[in-house]
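1. What follows is a predicted protein model with its sequence.
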Amino acid sequence: MKKIARAIISMGVVLAFSACSWEVPQNVSVRTNADYNFSLGTFEKELDSNMDLSSMLGQTGEGNDTIATYDYFPGKKDKNVQHFLLEVKILDQKLLSTVPDASILDILFNSGDEIDLSALSSLGVNLQAVPANAVSLDFNPSTMMAGMKQALGEEMAGKIEFTSIPMYLYCETAKGLDVEAALEIYYSDDPENDPTHHRAGVDPVTLLPVTLADGTTDGTLSNKPKPAYTMEEKTVITDLADFACIGSKPIKLETLLSESNEAIQENDKLCISYQISTPTGKITRAEVEAGLPLALYAVIDLPVSFKVKDDLKLDINELTKNAKGGSSSGSDSSSDGSKKENEELKKILDVIEAVEIRYVAYQLPFYTKKEGSKSGMKLGIDLVGDGSYEYAEIAVVDKDKKITEADKQSIKLDPKTVLKMKDLSNLNPNIQLLMKKDTKFSLPREKAVAMNLEITLSTDGDIKVK
C-alpha cells in the first residue's frame, strides 16, 4: 500500500508545479506487482466466566447438603488442565446412640487408655446398627455434559469422552476400628424410593471389596480420613493423590461416566449404596465420649480433559459471542479508518494473484499436548463467510516474547477462494479450531482467546487511483 501512496503523492507534486495549461487526466492508474498487508485485527476474549464451575456442572449438588462442589487445582502443578471436585458424604452417623456416663467409662478404662470394642456390651452399652442404604449423587453424564456443551459449544455432542475420572474413598472413624463393608456405584431411575434398583443395561461398579495387587480382595474400612483442604480463595489446592485413601488408590469412573452408554436415561441418577457390618477393634475413652463416629466420603476429581471420538470443529466466533470483556479490533478502529481501508482493499481485489493469512496465537481456550512438532489443533479460516474453511497447524506463542516473523504461522488460500473474494469484493472472516479424531485436549485454568491475524495480498495488475 505504501508504494501506491508514494505514486499518488508523486503525481500530485508534478501537477502542482506544472503550468496551468496542463490538462488533468480523468482516470489515473498505477501498475502494481507487490505484496500488501492488511490487519484483520487483534482478537481477545476472556472466557473464564463462560466456562466456570457453575456453567459447566449446571445444577449438580445444588440444594443437596450431601454434595459439595469446588474449583480444584491439585498441587498447583498443571495450569493446562481445569479440575473440579465433587465431594459426596455417603454416611455420617455415630455408632453409639447414647454415650455411657462417666462412672461406666471409669470402669471400662480403669486399666488403660484403650479397650476392645466388645467390652462395651459387657456393661450393657450396645452399638447402633448401620442400615443398608444409598445416596444419590444427583447427576448423570447427560446432565453434566449438557452444561459443558453449553459452555464449549453444541458441536461437542457425542464427540468427546472423559480420559480420566478418579474417585477417592475416605473413612473417618476410631483409629483402631475395622468395619467390613460393601459399596457399589450404579444408576437408578428412582433413587429415593428404590435406592438399590439398578438401571438395566448398565452394570454397577463395585467400590468395596477392592481387588488388591496380589489378587485378593479387601472390604475392610479403617480410619483413612479425608484430607483437610488447603484453600486459595475458593479453590482447593490440596493434591488428593498425595494422601492415603480406602483401597490405596483411586477408583476409575471414566467408563461409568461415559455418555455413550445409551441405556442411561435422562432421569437416571448416579448412586452409591453401602452395607456396613458390626465393627471390631480397639477404642479409646475419647472416641467413646465422641459417640464413635463413622463417616464415609466419596470425592470425585473431575479433570476437564477429553478424547475426541470424531473430528471436532469449534466455532471461535460462536464460542466468544457472549463472552464478557476483551476486544476485537484492527489496526485502525475508527469508522473513518475502517472505511478508508475497505476502499483501499476493493482497489486491490481485482489484481490479486494470491492470498496468505498469517497469525499468531497468544492464548487459546483449549490445550492439546504436542505430538512431535504438531500442536494437535488446527486453525481454520473462512475468509468470505461461506463455510469453506482452510486449515493449518496452530501453536501458542508466549505473549511476553518479542514476536518475530518465525513465530507467525500461515494459511495460503486456495485459488478458488481468491476468486470468491474478487466476486464478493468483501471479507467476512470466520475462525474455527479443528481437533482430529483421537486428539486429547483439556481446558486450561485460564480460559481465553488472544490472536492476531493479518492478510497478505500478492498483486499483479493496474490499480485505478482516480
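-> Arrived safely. This one's a predicted model, so the numbers in the text were calculated from it and none came from an experiment.
2. contacting residues around Y297?
-> 87-90, 169-172, 226 (CB atoms under 8 Å, 6 or more residues apart in numbering). Using the backbone N, CA and C atoms, a C-beta is placed for each residue, glycine as well.
3. what's the closest of these to V384?
-> For the contacts of Y297, the closest approach to V384 (CB to CB) belongs to E87, at 50.6 Å.
4. Show me the helices in the protein, by range?
-> Assigned by DSSP state H, the helices in the chain fall at 2-16, 53-57, 102-108, 119-122, 141-152, 285-289, 316-320, 335-349, 415-424.
5. Adding distance to K234, pLDDT and neighbour count, write the contacts of Y297 out as a markdown table.
-> Shown next, in a markdown table, are the contacts of Y297 (distance: CB to CB, whole Å; pLDDT from 0 to 100; neighbours: other CB atoms under 10 Å):
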| residue | distance to K234 | pLDDT | neighbour count |
| --- | --- | --- | --- |
| E87 | 14 | 94 | 19 |
| V88 | 19 | 91 | 23 |
| K89 | 20 | 93 | 16 |
| I90 | 24 | 93 | 21 |
| L169 | 25 | 93 | 24 |
| Y170 | 22 | 95 | 22 |
| C171 | 27 | 96 | 23 |
| E172 | 24 | 96 | 16 |
| K226 | 18 | 96 | 20 |
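6. Narrow the residues you listed to those in strands?
-> Among those, the residues falling in strands (DSSP state E) are 87-90, 169-172.
7. Format those as a markdown table; extra columns: distance to V288.
-> Output for these, formatted as a markdown table (distance: CB to CB, whole Å):
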| residue | distance to V288 |
| --- | --- |
| E87 | 28 |
| V88 | 28 |
| K89 | 23 |
| I90 | 24 |
| L169 | 25 |
| Y170 | 22 |
| C171 | 18 |
| E172 | 16 |
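8. Just the closest of those residues to L108, please.
-> Distances from L108 to those, taken by CB to CB, are shortest for E172, at 22.8 Å.
9. Surely L427 touches I381?
-> No. The criterion here is CB atoms under 8 Å, and L427 misses it with I381 at 10.6 Å.
10. Of these two, which one has the most company?
-> Ranked by neighbour count (other CB atoms under 10 Å), L427 and I381 place I381 first, with 21 against 16.
11. Quick check: the more buried one touching I394?
-> No. Between I381 and I394 there is no contact under CB under 8 Å: 10.5 Å.
12. tell me, which of the helices of the chain is the model least confident about?
-> Lowest mean pLDDT within the helices of the chain: helix 2-16, a mean of 31.
13. Let me see the contact set for K282.
-> 114-117, 174, 176-177.
14. out of these, which are buried?
-> When the contacts of K282 are checked for burial by 16 or more other CB atoms under 10 Å, the buried set is 115, 117, 174, 176-177.
15. Columns distance to L312 and pLDDT on top of these, output as TSV?
-> What follows is those, written out as TSV (distance: CB to CB, whole Å; pLDDT from 0 to 100):
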residue	distance to L312	pLDDT
I115	62	93
L117	56	93
A174	51	95
G176	53	95
L177	50	95
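16. just curious, which of the residues you listed is nearest to G201?
-> Among the buried ones among the contacts of K282, L177 lies closest to G201 (CB to CB), at 38.2 Å.
17. Touching, that closest one and T284? I think so.
-> No. When contacts are counted by CB under 8 Å, L177 is not listed as touching T284 (10.6 Å).
18. nearest to L257, of the ones in strands among the contacts of Y297?
-> For those, the residue nearest L257 by CB to CB is V88; the value is 13.7 Å.
19. burial of D460, as a residue count?
-> 12.
20. swap that for R445, sorry
-> Residues near R445, counting by other CB under 10 Å, number 18.
21. From F73, how far out is it?
-> 7 Å (CB to CB, to the nearest Å).
22. quick one: common contacting residues for those two?
-> In contact with both R445 and F73: K79, using CB under 8 Å, 6+ apart.
23. For L123, grab the count of nearby residues.
-> Residues lying near L123 (other CB under 10 Å) number 11.
24. And the residue nearest to it when sequence neighbours are not counted, how far from S121?
-> With sequence-adjacent residues excluded and distances taken as CB to CB, 6 or more residues apart in numbering, L123 is closest to I104, at 5.6 Å. Distance, I104 to S121, by CB to CB: 12 Å.
25. ok, now T235?
-> 47 Å.
26. what do you get for T459?
-> Taken as CB to CB, the span from T459 to S121 is 97 Å.
27. now Y274
-> From Y274 to S121 the distance is 24 Å (CB to CB).
28. more crowded one of these two?
-> Set Y274 next to S121 and count neighbours by other CB under 10 Å: Y274 wins out with 20 against 10.
29. Could you report the pLDDT at that one?
-> Looking at Y274, its pLDDT is 93.
30. Pairing partners for the closest residue to it other than its chain neighbours in the sheet, please.
-> Here the nearest residue to Y274 in space, its sequence neighbours aside, is L183; by CB to CB, 6+ apart that works out to 5.0 Å. Beta-bridge pairing for L183 (DSSP bridges): L208, Y274.
31. Might you report the residue contacts of L183?
-> Contacts of L183 (CB under 8 Å, 6+ apart): 90, 169, 206-208, 272-275, 296.
32. Kindly indicate which of those lies nearest M51.
-> For these, the nearest to M51 is I272 (28.1 Å; CB to CB).
33. residues in contact with the closest residue to the closest one other than its chain neighbours?
-> In space, and not counting its chain neighbours, I272 is closest to I185: 5.0 Å by CB to CB, 6+ apart. By CB under 8 Å, 6+ apart, the residues touching I185 are 167, 204-205, 207, 253, 256, 270-272, 298.
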